[in-house]
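Enquirer: Okay, sequence plus prediction incoming.
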Amino acid sequence: MADKVTIATVAAHANVSRQTVSNVLNTPHLVREETRERVREAIAALGYRANQAARLMRTGRSHLLAVRIEPTHDGINGSVLDRFLHGLTEAAAPAGYRILLYAAADDQAEIATYDELLATYELDGFVLTSTHHGDVRTSWLAERAVPFVTFGRPWGRLSPERGAERLARSLPASGAGASEASQLAEPWGRLSPERGAERLARSLPASGAGASEASQLAESWGAPDSHPWVDVDNATGTAAATKHLLGAGHRRIGFIGWPEGSGVGDERRAGWAGAIGGDLPELARATVDGVAEGEAAARDLLSMPDPPTALVCASDSLAAGAYGIASPGVAVTGFDDTAVARVLGLTTVAQPLAEAAARCVDLLAGVLDGGTAPRPVLLPPSLVIRQSA
């Protein structure tokens, strides 16, 4: 019979103390990342398994985290969250956590599932995905003091690029308030939420055209990031794709994305718009996600009298449809680096999903251990260049 693997065995293998191994298992945020990774590699190599029953009795925690399985759509972009779940499971195990999966069709069904799961299991917390404007799930959990982290930022706060764009739309081009508006839009990203909301309130009309938009904008600007989150910088991703196309000589670059209000989709459009020097509605099409929808949107753009010579798409599904009907010489880029993108040879933007999953585990562990409030994490994506662009 093989010798039993203990904490002492892991400590010797990783050349650390037993207390350090215990910290990695129970309070990983207290351990330096390099040491944490070394201990986790030792745990994986030795096949060490912590005694969960003993841990629950000692700490009052189950080390069980719950996350939703996303509904499937076209089978292309659904694989993105499948890869995130795989990364979450891989990151959770060395840290001593297990993942409980559940299904829910929408937010209300998910909240009903929270109630059921919390009544049935000794859950430590939740990992939420697919955050969006008006997301009621986070407030439900927060009101009940249930620990959670989100893969996706709270969309009450606008990015500097998106905020400046919406500010420009809501304010007058001339007349009272125009000068203040211009000065305010430029340093949007450098002002604190509180200072920005204060200046915005002074510069905007109390009534009349633009007042409603201005009120919503001020509220969004000052909204706090009230829970720990990990996200990928979507605007940077589409900006990189657009700049790559500009570098290849393209000057009329179209965009195919989703209807306004999705959060992620808005950020991806903002990246394209920022790279070409402004949002050009005549070069943009918004549709639901899907291959057929991407084909229809691309056909519409390419039938213009002066059509774009390149298309930046908000997803690989849309890009696959566009690429299928694009004539030779029309470049197409996607987003998410799915298996379909690799098969078709699509230039696309890759999200660091494994790193995002590991950061989610670390942030939630920090919340559970009662440490200082974890800082949000915004990860950069990377451009993967293939033959489509």
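Expert: Structure's in. What do you need? Numbers count the residues shown, from 1 in each chain.

Enquirer: List the buried residues in stretch 320-339.
Expert: Of the residues in stretch 320-339, those with enough neighbours to count as buried (16 or more other CB atoms under 10 Å) are 320-323, 326, 330-338. Yep, even glycine has a C-beta here, placed from its N, CA and C like the rest.

Enquirer: And stretch 282-296, end to end?
Expert: Between the opening and closing residues of stretch 282-296 there is a gap of 16 Å (CA to CA, to the nearest Å).

Enquirer: cool, and stretch 94-109?
Expert: In stretch 94-109, first residue to last residue: 31 Å (CA to CA).

Enquirer: can you list the domain ranges for this protein.
Expert: 7-49, 160-222, 231-352 (automatic domain parsing).

Enquirer: Any idea which of the ones you listed gets closest to Ala389?
Expert: With CB to CB as the criterion, Ala389 lies closest to domain 231-352 of the domains of the chain, at 3.7 Å.

Enquirer: What are the phi and psi values at Leu368?
Expert: Its backbone dihedrals place Leu368 at phi -70, psi -30, with angles given as degrees, to the nearest 10.

Enquirer: Among the buried residues of stretch 320-339, which ones are in strands?
Expert: Of the positions in the buried residues of stretch 320-339, 331-333 sit in strands, assigned by DSSP state E.

Enquirer: Just put these in CSV and tack on pLDDT.
Expert: Rendered in CSV, the data for those read as follows (pLDDT from 0 to 100):
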residue, pLDDT
Ala331, 98
Val332, 98
Thr333, 98
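
Enquirer: Name the nearest of those relative to His133.
Expert: The closest of these to His133 turns out to be Thr333 (CB to CB; 25.7 Å).

Enquirer: how about the strands in the stretch 1-150 of the chain?
Expert: If DSSP state E, counting those that start in this stretch is used as the criterion, the strands of the stretch 1-150 of the chain fall at 64-69, 98-103, 125-129, 148-151.

Enquirer: out of those, deepest packed?
Expert: strand 148-151 (a mean of 25; mean count of other CB atoms under 10 Å).

Enquirer: Run me through the strand neighbours of that strand, direction for each.
Expert: strand 125-129 (parallel), strand 229-232 (parallel) (DSSP bridges).

Enquirer: Would you reformat those strands as JSON lines and include mean pLDDT and distance to Gly47?
Expert: Conversion of the strands paired with strand 148-151 to JSON lines gives the following (pLDDT from 0 to 100; distance: least, CB to CB, whole Å):
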{"stretch": "strand 125-129", "mean pLDDT": "95", "distance to Gly47": "25"}
{"stretch": "strand 229-232", "mean pLDDT": "95", "distance to Gly47": "29"}
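
Enquirer: Of all those, which one comes closest to Pro154?
Expert: Ranking the strands paired with strand 148-151 by distance to Pro154, with CB to CB as the measure, places strand 229-232 first at 6.4 Å.
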